[in-house]
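Colleague: quick one, fold the following:
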Amino acid sequence: MIDIAAIKAKRVKATILSGFLGAGKTTLLNHVIRQNQGRKTAVLVNDFGKINIDSDLIESQEEYKISLTGGCICCTIQKDLLSSVINLMKQEQKPEYLIVECSGVADPSQVLNTLSSSLFKCHLHVDGLFTVIDASRLLEIETEEYRELAERQIKAANLLILNKIDLVDARKQDKVKRFIKKISPTAVMLTAIHCQIPIDLVLGFRELPELEDALQHTSLDIHVHEAREFDSGTIRILPAGSIDDFTMKKKPHDLVFESWSFTSGTPFDKNRFKDLLVNISPDIIRAKGFVYWDDPADPLVLFNLVGQWLDLDVHFKKEHLALETRLVFIGNPGWKKHSDIENQLIQCLTDISPFS
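Modeller: Numbering: from 1, shown residues only. The predicted model follows:
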């Protein structure tokens, strides 16, 4: 006789982390990993574009870290998600927990559909779908498609983490909470600064059958446009290619986001790069990566840009990172074409004359 209870008890417990660009998902993930207390936890990280910045920021053991790049796990690389989880389930020493960090442009309902499929019923159970919300930016999202995506991420979750509450006053915080409750009246909501929440709310939250309702929802058609790669001396640039190459036969208006990446082994002039950031294109919604510049004391800096908020952090673990610049930008369709970001970055390199 098959012992159903025993099978369920041995299943890997999965948690999906969602949230709009720059909300704080990686911060939450690192908080969980630091407080892990010996649990065997696998981490699957999906970053937009071909450079997975988040993967290098996750403080997990390499054998339990899986990186998915080149697209979004809710659409273009959904098969990669499926095969990665299957391979994980085949391991002799399976993890106790699986945390899947979606990219900021993903509709988590589709990721839930994949992980809740009959293929995994005896091996994996989704305990929770958590969405991180930036309290300072949620109400400022103006573009209809972006707002719809953010609302879908909220609606899909059973735990909402209202992050960055230190950046808003009590009046605005209350306004944001009321807005969220209209979208998702039944979800549990926690407030946080730097995503500091009890770890037991993330790992092994509880059995939540209501998550199955998401299987009835169609996914939102959001796509990320990443470019083809070519080499230019010591600079590796990923310029925008044609829409037809990357939309998987979708119409041009289905392309909601466009990403572009830049890498270089030549350091930036620190002052020139800082000057560039003052006048960076307002069409850039999110930018992040590692900046290699000519400061002997701190040659490698973690760069984060979310809207008008900018952070250059020298206090992060970087012993395993090469001295090179790796940047990813994401913004409105066509932003790359209408901006001069590529030339501006090249002009920041120390082997380029500022007068050239």
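Colleague: quick check: Leu302 is in a helix.
Modeller: No: per DSSP: H, G, I helix; E, B strand; the rest coil, Leu302 lies outside any helix segment and is strand.
Colleague: that one: neighbouring residues, count only.
Modeller: For Leu302, the count of nearby residues is 20 (other Cβ atoms under 10 Å). All C-beta atoms are positioned from the backbone trio N, CA, C, and that covers glycine.
Colleague: so who does it touch?
Modeller: 57, 290-291, 311-314, 316, 318 (Cβ atoms under 8 Å, 6 or more residues apart in numbering).
Colleague: what bridges to it?
Modeller: Phe290, Asp313 (DSSP bridges).
Colleague: from Asp174, how far off is it?
Modeller: 33 Å (Cβ to Cβ, to the nearest Å).
Colleague: same question for Pro333.
Modeller: Pro333 is 35 Å from Asp174, by Cβ to Cβ.
Colleague: returning to that earlier point: buried subset of the contacts of Leu302, written for PyMOL?
Modeller: Selection of buried members from these for PyMOL, criterion 16 or more other Cβ atoms under 10 Å:
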select buried, resi 57+290+291+312+318
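Colleague: which among the contacts of Leu302 gets closest to Lys10?
Modeller: Leu57 (31.4 Å; Cβ to Cβ).
Colleague: tell me where the stretch 251-356 of the chain has helices.
Modeller: With DSSP state H, counting those that start in this stretch as the criterion, the stretch 251-356 of the chain has helices at 270-278, 335-338, 341-347.
Colleague: quick one: buried residues of the last one?
Modeller: Using 16+ other Cβ under 10 Å as the burial criterion, the residues of helix 341-347 that qualify are 341-342, 344-347.
Colleague: any idea how the protein splits into domains?
Modeller: 4-216, 224-347 (automatic domain parsing).
Colleague: deepest of these, which one?
Modeller: Counting by mean count of other Cβ atoms under 10 Å, domain 4-216 has the highest mean neighbour count of the domains of the chain, with a mean of 19.
Colleague: run the chain-centre distance for that one.
Modeller: 10 Å (Cα atoms, centre = their mean, to the nearest Å).
Colleague: change the start of the numbering to 27 and stick with it
Modeller: Yes, from this point I'll number from 27; that puts the last item at domain 30-242.
Colleague: circling back: hmm, which two among the buried residues of helix 367-373 are most spread apart?
Modeller: Longest distance between any two of these is 10.7 Å, between Ile367 and Gln373; criterion Cβ to Cβ.
Colleague: thought Cys374 was touching Leu302?
Modeller: Yes: judged on Cβ atoms under 8 Å, Cys374 makes contact with Leu302 at a distance of 5.9 Å.
Colleague: beta partners for Phe355?
Modeller: Beta-bridge partners of Phe355, as defined by DSSP bridges: Trp286, Ala313.
Colleague: hmm, it is touching Ile367, no?
Modeller: Yes: judged on Cβ under 8 Å, Phe355 makes contact with Ile367 at a distance of 6.8 Å.
Colleague: any common contacting residues for these two?
Modeller: Contacts common to Phe355 and Ile367, judged by Cβ under 8 Å, 6+ apart, are 286, 310.
Colleague: from Val38, how far off is the residue nearest in space to the middle of the chain?
Modeller: For the chain, Ser129 is the residue whose C-alpha lies nearest the centre (Cα atoms, centre = their mean; 3.4 Å). In this view, Ser129 and Val38 are 22 Å apart by Cβ to Cβ.
Colleague: what does Lys300 give?
Modeller: 45 Å.
Colleague: got it, and Gln179?
Modeller: Gln179 is 24 Å from Val38, by Cβ to Cβ.
Colleague: same question for Asp160.
Modeller: With Cβ to Cβ as the criterion, Asp160 and Val38 are 30 Å apart.
Colleague: now Ile180: how far from Ile167?
Modeller: 12 Å.
Colleague: the longest strand anywhere in the chain packs against which elements?
Modeller: Ordering each strand of the chain by length in residues (DSSP state E) puts strand 150-160 first. Judged by 3 or more Cβ pairs under 8 Å, 6 or more residues apart in numbering; DSSP states H and E, strand 150-160 is in contact with strand 38-45, helix 51-60, helix 134-141, helix 170-182, strand 185-189.
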